[in-house]
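Visitor: Give me the fold of what follows.
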Amino acid sequence: MYYLAPPRDAYGSPQPGPWFFGNVACGPDRRPGSEQSCSGSYDVRLFAKYGSATGRVEYATNQPVADGWVVASELFNPDERYVVRTDGAGNYTFTKTDTAQLPVLPPDQAHPSTPSPASNNWGLPVFGDGGRPGTGIYVFSGGPVVCPENPQSRMVIVRSSQATEVDLRSSGADCDGCPLPAIPGFTDPVAQWFEDEATAGRDPVDRQHLTADMYAALQCFEAAVVAAGGAPSITSAYRPTEYQRHLYMVWRLSRAIPWLSREDRQRCRQLIADVQREMARHGLAPGRPVAAAHSAHEDGEAFDADPALPAGVDLVALAAACGLSQPVANDPVHFERTGRSR
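Guide: Residues are numbered from 1 along each chain as shown. Okay, here's the model as predicted:
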């Protein structure tokens, strides 16, 4: 039920250093056939590879969709689809209480019905390294028929052992809408301020919420760029979580659009225009990834910069002199403190 593998970064590369710590000692073992024995203990926190979703499905008239269906499709793997029924009040849940019934788990013949507490909130696969909460991005749609292209579909992040609430509304119409969800709005006023600043053409650079060490490194970087005859051009620093997720959703949608059929492109023409506008507004590019579950920007431990430097100036060496590096592949504007705990 759990991941047990070395932690990896967003590109699948193992992260260096010990993952778990404990008071364990190993030494020679004099027992026949044994080379060594170990004693001691670990205190390890692991995260499940399943999450769940619950909610209610209603018609536009606020009446429940009784005995209907809800489909959860993994965003970039449409074959990963899970379906549950709604009850008489339109409620549904993807939580399972029998591990033999969990998706993508073959039944255990020796234990065909292993109880699993409903409080585990297991039902939909999520993906992670086990050392932090796993996540899965699903498109939920619901109605009186199985319709993954329902115009009221919602894209939601499902997390390890959490029951994400996803309420849906259904027009009962045929599947003739855009199969991709709309860009989510904001509920956090701070994140909304960041978006308003970007809309006005002003880069929302929040230095105030950087850590003290990161702020000092940023000041060192700016001074070094100026001393080299360049211009620092800091474009981003601290970002609130909801704003970071907004950027990630826009980027993921930009990656999904090229896979649409010609017919779906026509249905999604307004969304495509919205995504293109958001990508340009935030300076995003399909080939430049945005952190998925968590970003160092949210911790106040990163900034983005696109400095203008004279020919021959080594940006990597200049950043290193201030204790900075660029650890994210394909993201040349992203800087973090070298060797910080990620």
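
Visitor: Surely Ala285 touches Val250?
Guide: No: counting by Cβ atoms under 8 Å, Ala285 sits too far from Val250 to count as a contact (11.4 Å). Glycine gets a C-beta too; all of them are placed from N, C-alpha and C.

Visitor: Between these two, which has more neighbouring residues?
Guide: Val250 (21 against 14; other Cβ atoms under 10 Å).

Visitor: Grab the nearest non-local neighbour of the more buried one.
Guide: Glu278 (4.5 Å; Cβ to Cβ, 6 or more residues apart in numbering).

Visitor: Could you double-check that the one you found sits in contact with Pro184?
Guide: No: between Glu278 and Pro184 there is no contact under Cβ under 8 Å: 11.3 Å.

Visitor: Comparing the two, which shows the higher neighbour count?
Guide: Just comparing Glu278 and Pro184: by other Cβ under 10 Å the higher neighbour count belongs to Glu278, 21 against 14.

Visitor: Now the element after whichever strand or helix holds that one, going C-ward?
Guide: Element membership for Glu278, per DSSP states H and E: helix 269-282. The helix or strand immediately downstream of helix 269-282 is strand 303-305, counting by DSSP H and E.

Visitor: Check which helices and strands that following strand sits against.
Guide: Applying 3 or more Cβ pairs under 8 Å, 6 or more residues apart in numbering; DSSP states H and E, one finds that strand 303-305 contacts helix 212-227, strand 234-236, strand 334-337.

Visitor: ok, residues contacting that strand?
Guide: Residues outside strand 303-305 that contact it (Cβ atoms under 8 Å, 6 or more residues apart in numbering) are 205, 210, 214, 218, 221, 232-237, 297, 333-335.

Visitor: Let me know which of the helices and strands packed on strand 303-305 is tucked in deepest.
Guide: strand 334-337 (a mean of 22; mean count of other Cβ atoms under 10 Å).

Visitor: Paired strands for that one, with orientation please.
Guide: Within its sheet, and counting by DSSP bridges, strand 334-337 is paired with strand 303-305 (antiparallel), strand 324-325 (antiparallel).

Visitor: CA atoms only: put it into PDB for me.
Guide: The C-alpha trace of strand 334-337 is given here as PDB (Å, rounded to 0.1, in the frame of the first residue of the first chain):
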ATOM      1  CA  HIS A 334      15.300  29.600 -11.500                       C
ATOM      2  CA  PHE A 335      17.800  30.000  -8.700                       C
ATOM      3  CA  GLU A 336      18.000  28.400  -5.300                       C
ATOM      4  CA  ARG A 337      20.600  28.300  -2.500                       C
END
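
Visitor: Measure how far it is from the centre of its chain, please.
Guide: A distance of 20 Å separates the centroid of the chain from that of strand 334-337, by Cα atoms, centre = their mean, to the nearest Å.
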